[in-house]
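J.: Provide a 3D model corresponding to the input given below.
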Amino acid sequence: MDNLHAIFMAEAQELITELEKSLLILDKEPENSEAISSVFRAMHTLKGSAGMFGFESISNLTHQIEKLFDEIRSGKRRLTQSILSLTLNSLD
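T.: As a prediction, this is how the structure comes out:
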């Protein structure tokens, strides 16, 4: 099982790096649809992987952020500085 956890950690680190890049783009360009979609996809993937390995708190947190970015992506909500800060803080 330790090997599987190592695989999860490696994948999670790659996703977090991708998320940070997209969030920094959004800090300068809050309407950048490609970056918004990238955040959504990374959160979705992280949520699924965390759930598969039994990391329920990570899965629950990423699910909430994924829902926010789905609403942003579909135009139901605007990306605010608060959402951006919350998302960045969640990566820490």
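J.: Identify, by residue count, the longest helix of this structure.
T.: helix 2-28 (DSSP state H).
J.: So for that one, what gets flagged as buried?
T.: Neighbour counts using 16 or more other Cβ atoms under 10 Å place 8, 12, 15, 18-19, 22-23, 25-26 of helix 2-28 among the buried residues. For glycine as for every other residue, the C-beta is placed from the backbone atoms N, C-alpha and C.
J.: With stretch 30-43 instead?
T.: Within stretch 30-43, the residues that count as buried by 16+ other Cβ under 10 Å are 30, 32, 35-36, 38-43.
J.: now swap in stretch 46-56 and tell me
T.: 46-47, 49-50, 53, 55.
J.: Enumerate every residue touching residue 87.
T.: 19, 23, 39, 65, 68-69 (Cβ atoms under 8 Å, 6 or more residues apart in numbering).
J.: cutoff 6 Å now
T.: 23, 65 (Cβ atoms under 6 Å, 6 or more residues apart in numbering).
J.: Just say helix, strand or coil for it.
T.: helix (DSSP: H, G, I helix; E, B strand; the rest coil).
J.: what's the distance between it and residue 2?
T.: Look at residue 87 and residue 2: by Cβ to Cβ, to the nearest Å, they are 30 Å apart.
J.: low-scoring stretches of the protein, by residue?
T.: Counting by pLDDT under 70, the chain shows low-confidence ranges at 1.
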